[in-house]
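Peer 1: pasting the sequence and the predicted coordinates here, then a few questions.
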Amino acid sequence: MSKQCQTLSISEASQVLGICRNTGYKLAKQNKFPGMILLGDNIRVSKIVINNLLRDKIYDDIDNAQTTTDKRHLLKIMRRGSYEVK
């Protein structure tokens, strides 16, 4: 069984989501960061929740895409899984 870490720090998760680190910490302080897990004094973020959030965003983008080319590009991203946090 692989022992790959299934969580990210707030800084790492913020970077993946494309938001400022300070914004990530503000959201965490307000208990609004998606997938946030509090372990004692440590705050971690679930990779699964982040991946699902990104996947759902891409599905929304596909539904709202204006052109066939845009839809094909987004579908290619979905198939490759290149939006996923490894």
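Peer 2: Received it, and whenever you're ready, just let me know what you need. Numbering: from 1, shown residues only.
Peer 1: for the chain, which segments are assigned as strands?
Peer 2: 7-8, 36-39, 42-46 (DSSP state E).
Peer 1: next, the buried residues of the longest one.
Peer 2: The neighbour-count criterion (16 or more other C-beta atoms under 10 Å) identifies 43, 44, 45, 46 as the buried residues of strand 42-46. The C-beta positions use only the backbone N, C-alpha and C, and glycine is treated the same way.
Peer 1: name the helices or strands packed onto it?
Peer 2: On a contact count with 3 or more C-beta pairs under 8 Å, 6 or more residues apart in numbering; DSSP states H and E, strand 42-46 meets strand 7-8, helix 10-17, strand 36-39.
Peer 1: could you rerun that using 10 Å?
Peer 2: In terms of contacts (3 or more C-beta pairs under 10 Å, 6 or more residues apart in numbering; DSSP states H and E), strand 42-46 is packed against strand 7-8, helix 10-17, helix 21-29, strand 36-39.
Peer 1: end to end, how far does stretch 37-44 reach?
Peer 2: End-to-end distance of stretch 37-44 (C-alpha to C-alpha, to the nearest Å): 5 Å.
Peer 1: what sits up against it?
Peer 2: Applying C-beta atoms under 10 Å, 6 or more residues apart in numbering, the external contacts of stretch 37-44 come out as 5-10, 12-13, 24-25, 28-29, 31, 33, 35-36, 45-46, 49.
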